[in-house]
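> Sequence and computational prediction follow.
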Amino acid sequence: MKPKPSPWVRLGVDFGAPGAFLIAYVVSRDLMTATGALVAGSAVALLLGLVVEKRVAPLPLVAGLAAIVFGGLTLLLHDDLFIKIKPTVLNLCFAAFLLGGVALKRSPLKALLGEVMRLPDALWRTLAVRYGVYFALVAVVNEVVWRTQPEEVWVLFRMPGLQLMSLAFSATQFPLMMRGAKLAQAQSAEGDMPAKEPTEV
């Protein structure tokens, strides 16, 4: 049996490192110090997930490793370019994974979240396209913010801006997910009887 996820552990894994980044920057007003806190927080968050839950979900794992790599390069070379482009690179990778998977007739989002919820295949593809476009737009916005705004503005965009954007976007997709979940439940109850799947994009 897979371990039951703990809400507190999940919050720590998902938001602990960005929270440490913001707190360290507010206290020190130094991006290098904040980057060090991000790297340390990411390592602790991944270790916490492994020790407590015996696993780390794919998205937090990729995000945590990216923070360690780009943060490590920032500290090693003393160049804040790496930590500033990290959201760009990471979100472009997510977008390519999702949109590329749909183009190849795969269901990448279902592979990541299929154990969490049951949805019709057409809806999984719709969500993959929507999230792929969202991640691509986030990458563009990050480039605009760090290139045109003061460091303090970018830090706030990094945390809590990105997290609030993600929560807001996911909230807009919730009604579609609920309709899809009900449709999948109806299909399961009816056996092989055909049912119309939502296909809006």
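It's in.
> Need the nearest residue in space to the residue nearest the centre of the chain, chain neighbours excluded.
Nearest to the mean C-alpha position of the chain, counting by C-alpha atoms, centre = their mean, stands residue 59 at 5.7 Å. Excluding the flanking residues, the one nearest residue 59 by C-beta to C-beta, 6 or more residues apart in numbering is residue 112, at 7.0 Å. Every residue, glycine included, has its C-beta placed from N, CA and C.
> What helix or strand is residue 116 located in?
Using DSSP states H and E, residue 116 sits within no helix or strand.
> Excluding chain neighbours, what is closest to residue 139?
residue 91 (4.1 Å).
> wait, that neighbour sits on residue 132?
No: taking contacts as C-beta atoms under 8 Å, residue 91 lies outside contact range of residue 132: 10.0 Å.
> contacting residues for residue 28?
residue 34 (C-beta atoms under 8 Å, 6 or more residues apart in numbering).
> Can you give me the distance of it to residue 172?
Between residue 28 and residue 172 the computed distance is 36 Å (C-beta to C-beta, to the nearest Å).
> before we move on, what about residue 35?
From residue 35 to residue 172 the distance is 32 Å (C-beta to C-beta).
> Check residue 98 too.
17 Å.
> Looking at the two, which one has more neighbours?
Neighbour totals were compared for residue 98 and residue 172, and residue 98 leads with 26 against 10 (other C-beta atoms under 10 Å).
> and the residue nearest to residue 139, how far is that from residue 133?
Applying C-beta to C-beta, the value for residue 91 to residue 133 is 11 Å.
> Residue 63 too?
As for residue 63, its distance to residue 133 is 19 Å (criterion: C-beta to C-beta).
> Which one's more surrounded, those two?
The neighbour comparison of residue 63 against residue 133 (other C-beta under 10 Å) goes to residue 63, with 23 against 14.
> What strand or helix carries the residue nearest to that one when sequence neighbours are not counted?
Setting aside the residues directly before and after it, residue 63 is nearest to residue 90 in space (C-beta to C-beta, 6+ apart), at 6.5 Å. Using DSSP H and E, residue 90 maps to helix 81-103.
> Tell me which helix or strand comes right after that helix.
Going down the chain from helix 81-103, the next helix or strand is helix 108-113, by DSSP H and E.
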